[in-house]
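Q: Sequence and predicted model, in that order:
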Amino acid sequence: MEQVLQVYHQPYDPSHPKICLDETTKQLVSEIRQPIITAHGTTLYDYEYHREGTCDLFMVCEPLTGQRLVTVGDHHTRFDWATVVADLVEPRYPQADKITLIQDNLSAHKPRALYELFDPDRAKSILDKLEFVFTPQHGSWLNIAEIELSVLARQCLGGRIASKQHLIDKVTLWQNRRNSLVVKVDWQFTTVDARIKLKHLYPSIVT
């Protein structure tokens, strides 16, 4: 926990960006009956719907610059994670000397996946630029990307979305608008706060 908090309070350095990554799943559903618009302009939806499968959304955000990128995919495997990470390192931050990546310690977040997906030279060049920082167990709230996913869900993912393309269109509009506003996260929770408010999580030292 303190390692994550320390990263959040480091100053901005374009040669060493601090990036947060998280993912979630969105259920796709379509209407069985056409919605009805009343004379007062209210749209009424039938309670029945048809399941259209799921999509996975990877959220990559840089809190200090107020920029984020959401990737919509069909699965959540180590190869999907490796693809997102490679896209982060190569086309998005090619000039960075080192990238600190804050994420959950999930089974799909394995560096070896890069070697399974790419040739060894490319995999190593990607990993050489990465410094992994993992949130603690039951501490995913420390990941700012999770906050961004919560905002995305509230502002963009409400209601029924029937197709992957419709989901991509909605997410892209939300992402571009939020990026244009340069919405940052003002992180206030510090290591000192953690040691006071979460004192019960620290081991007791008997002298």
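A: Yep, that arrived.
Q: where are the low-confidence patches of the chain?
A: Counting by pLDDT under 70, the ranges of the chain that qualify are 207.
Q: Strands along that one, start to end?
A: With strands called from DSSP state E, the chain shows them at 18-31, 36-37, 43-44, 49-62, 67-73, 99-103, 130-134.
Q: What is the third one packed up against?
A: Taking 3 or more CB pairs under 8 Å, 6 or more residues apart in numbering; DSSP states H and E as the contact definition, the neighbouring helices and strands of strand 43-44 are strand 36-37. Heads up, the C-betas are built off the backbone N, CA and C, glycines and all.
Q: Give me the packing partners of the strand it packs on, helices and strands only.
A: strand 43-44.
Q: and the strands of the chain as TSV, adding distance to V89 and mean neighbour count?
A: Converted to TSV, the strands of the chain look like this (distance: least, CB to CB, whole Å; neighbours: other CB atoms under 10 Å):
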stretch	distance to V89	mean neighbour count
strand 18-31	10	19
strand 36-37	48	10
strand 43-44	44	9
strand 49-62	11	18
strand 67-73	13	19
strand 99-103	6	21
strand 130-134	7	16
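Q: Output those strands in a markdown table, with distance to A113 appended to each entry.
A: A markdown table is the format used below for those (distance: least, CB to CB, whole Å):
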| stretch | distance to A113 |
| --- | --- |
| strand 18-31 | 14 |
| strand 36-37 | 48 |
| strand 43-44 | 43 |
| strand 49-62 | 14 |
| strand 67-73 | 14 |
| strand 99-103 | 13 |
| strand 130-134 | 13 |
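Q: Please identify which of those strands is closest to M1.
A: Nearest to M1 among the strands of the chain is strand 130-134 (10.3 Å), distances taken as CB to CB.
Q: who touches P136 in this structure?
A: 1, 4, 142 (CB atoms under 8 Å, 6 or more residues apart in numbering).
Q: Which members of those residues are classed as buried?
A: Buried by 16 or more other CB atoms under 10 Å: 1, 4, 142, out of the contacts of P136.
Q: OK, contacts around the first one?
A: So that's M1. Shown in contact with M1 (CB under 8 Å, 6+ apart): 135-136, 139, 142, 194, 198, 201.
Q: Distance of it relative to S140?
A: To S140, M1 is 11 Å away according to CB to CB, to the nearest Å.
Q: count of residues packed around the nearest residue to V89 once chain neighbours are set aside?
A: Nearest non-adjacent residue to V89, counting by CB to CB, 6 or more residues apart in numbering: I126, 4.9 Å away. Other residues near I126 come to 20 when the count uses other CB atoms under 10 Å.
Q: thinking again about what came up before, which of the buried ones among the contacts of P136 fall within helices?
A: Judged by DSSP state H, helices contain the following of those: V4.
Q: Would you tell me which helix is longest in the protein?
A: Counting by DSSP H, the longest helix found in the chain is helix 164-180.
Q: roughly how far is it from the heart of the chain?
A: Mean-position distance between helix 164-180 and its chain equals 14 Å (CA atoms, centre = their mean, to the nearest Å).
Q: Give me the contact list for it.
A: Applying CB under 8 Å, 6+ apart, the contact partners of helix 164-180 are 26, 28, 55, 57, 66-70, 72, 74, 151-152, 155-157, 161.
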